[in-house]
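Enquirer: coords please:
(one chain, ligands or ions: 1)
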Amino acid sequence: MSVMQELAATISVLSSRGKGILAADESTPTITKRFQAVGIESTEDTRRAYREMLINAPGFNQYVAGVILFEETLNQTTSKGVPFAQALKGLGVLAGIKVDKGLVHLANTVDENVTQGLDGLPERLAEYKAKGASFAKWRATYTISATTPSQLAIDTNAEVLARYAAICQEAGIVPIVEPEVLIDGEHTIEQCEAASLPVFQAVFDALYRHKVKLEYIVLKPSMVISGKGSAQKATVAQVAEATVRVLRRTVPAAVPTINFLSGGQSSEQATAHLSLMNQTSNLPWNVSFSYARALQDYAMKTWQGQSANVEAAQKAFIKRARLNSLAAKGEYKESMEKEDISLVA
Ligand code: 5MM
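Expert: The predicted structure follows:
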């Protein structure tokens, strides 16, 4: 298969309507923080058992087209001795891999970051591909304050995201391009809109400069939303409207699929926002999810690291996966939150 055929095959699965991506690629410090918050010890084995519990949830492949893994998980096997990527393949689900090496301070800025990990990326991609990964993920973050995001942070992160995406495509790996305007802060939705517009614009300028084929990327943006500490909480309708407005102004129709991150929203909010966006007419892209917390929070709390809780945790996970699958078609209703809809349709 040629590189272009590989990219086409992968993107056609990832952009399936009504399916999304499970982000299970928390680095060890991040998953440890999440586990500790609910009283679970973080060891190589608990992380493996937790992620195996998620991918073994009955019916999960009806709602999820791909799972982003952390390198540790890609190198692990399930309790049956099957490598994770192979276990996913058996379910008809694609394996992806977080390839960025995290955030570092961007020199000559005040508390802004750039994402690192380009050195040796082609070699790492070849290794990940041999292990079964067909797509990758790279996250850049931007903070909102009176002086940020700075033009320097916007330009630098856009350039790095585009270089990563070009390197992935050359290797036959579909890149998830993830610019995250962080929800932390007291900003209003208007301030978030004003910050998100140049961020997404710069990302697409850089993708163009680096000759990235937009037909073979997944865009994973943050939604346009009021800050966590804002006194003026934006409504679901305001978030859906502002997000669609910004994306229409910045994201070419050649991009097949936009899969949002949840970024610290509650599980219910992330689902409601996605569904309302999908009720907008004439969206040029598939609009779906690539959530970590909004898919996993209830499941993680329910699991508690106990095998006796696996079934209940899987039900909690499938409920969120199914509601988000409905939201990706604009068919979610708040009343569904109270229904026992965890069983496979
Ligand atoms: C923004 O984080 C991504 C989506 O997760 P949420 O839906 O919870 O916002 C997520 O894929 C993230 O990039 C990974 O968890 C890796 O994060 P770290 O902090 O471990 O690099």
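Enquirer: Double-check I21 against V64; I have them as touching.
Expert: Yes - when contacts are counted by Cβ atoms under 8 Å, I21 is listed as touching V64 (6.8 Å). Any C-beta I mention is one placed from the backbone N, CA and C, and that applies to glycine too.
Enquirer: quick one: secondary structure of E311?
Expert: Secondary structure assignment for E311 (DSSP: H, G, I helix; E, B strand; the rest coil): helix.
Enquirer: what is the rounded mean pLDDT of the strand ranked longest in the chain?
Expert: Ordering each strand of the chain by length in residues (DSSP state E) puts strand 133-142 first. Per-residue pLDDT over strand 133-142 has a mean of 98.
Enquirer: after that strand comes which helix or strand?
Expert: helix 151-170 (DSSP states H and E).
Enquirer: Which elements pack onto that following helix?
Expert: Secondary-structure packing of helix 151-170 (3 or more Cβ pairs under 8 Å, 6 or more residues apart in numbering; DSSP states H and E): helix 3-14, strand 113-115, helix 121-130, strand 133-142, strand 174-181, helix 189-209.
Enquirer: What pairs with the following helix or strand past the longest one, parallel or antiparallel?
Expert: Sequence order places strand 218-219 as the next helix or strand after helix 189-209, per DSSP H and E. Here the strand partners of strand 218-219, with direction, are listed using DSSP bridges: strand 174-181 (parallel), strand 257-260 (parallel).
Enquirer: what does this structure put close to the ligand?
Expert: Within reach of the ligand by Cβ under 6 Å from any ligand atom, the chain has these residues: 23, 25-27, 30, 68, 98, 102, 139, 180, 261-263, 291-294.
Enquirer: same thing but at 5 Å, please
Expert: Proximity of the chain to the ligand (Cβ under 5 Å from any ligand atom) is limited to residues A23, D25, E26, S27, T30, R139, L261, S262, G263, Y291, A292, R293.
Enquirer: wait, isn't the first one in contact with S290?
Expert: It refers to A23. Yes - here A23 reaches S290: they are 5.3 Å apart, a contact under Cβ under 8 Å.
Enquirer: shared neighbours of the two, which are they?
Expert: Applying Cβ atoms under 8 Å, 6 or more residues apart in numbering, one finds that A23 and S290 are jointly contacted by I68, L261.
Enquirer: quick one: T115 and A158, what's the gap?
Expert: 11 Å (Cβ to Cβ, to the nearest Å).
Enquirer: circling back: ok, which of the strands paired with strand 218-219 comes nearest Q5?
Expert: Among the strands paired with strand 218-219, the nearest to Q5 by Cβ to Cβ is strand 174-181 (12.2 Å).
Enquirer: Any idea how far the closest one is from the middle of the chain?
Expert: Here strand 174-181 is found 8 Å from its chain centre; the criterion is Cα atoms, centre = their mean, to the nearest Å.
Enquirer: Just the C-alphas of that strand, formatted as PDB.
Expert: Output of strand 174-181 as PDB, limited to C-alpha atoms (Å, rounded to 0.1, in the frame of the first residue of the first chain):
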ATOM      1  CA  VAL A 174      -2.500  10.400  10.100                       C
ATOM      2  CA  PRO A 175      -1.700  13.300  12.400                       C
ATOM      3  CA  ILE A 176      -4.200  14.600  15.000                       C
ATOM      4  CA  VAL A 177      -3.400  18.300  15.200                       C
ATOM      5  CA  GLU A 178      -4.400  19.500  18.700                       C
ATOM      6  CA  PRO A 179      -4.300  23.200  19.400                       C
ATOM      7  CA  GLU A 180      -5.800  23.600  22.900                       C
ATOM      8  CA  VAL A 181      -6.700  27.100  24.200                       C
END
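Enquirer: That strand vs helix 189-209, what angle?
Expert: Between strand 174-181 and helix 189-209, the angle formed by their directions is 150 degrees, by axes from the mean of the first three to the mean of the last three Cα atoms, to 10 degrees.
Enquirer: any idea of the angle strand 174-181 forms with strand 133-142?
Expert: Strand 174-181 runs at 20 degrees relative to strand 133-142, counting by the same axes, to 10 degrees.
Enquirer: quick one: strand 174-181 to helix 151-170, angle?
Expert: Using the same axes, to 10 degrees: strand 174-181 against helix 151-170 is 170 degrees.
Enquirer: Count residues in the vicinity of A313, would you?
Expert: Using other Cβ atoms under 10 Å, A313 has 22 other residues around it.
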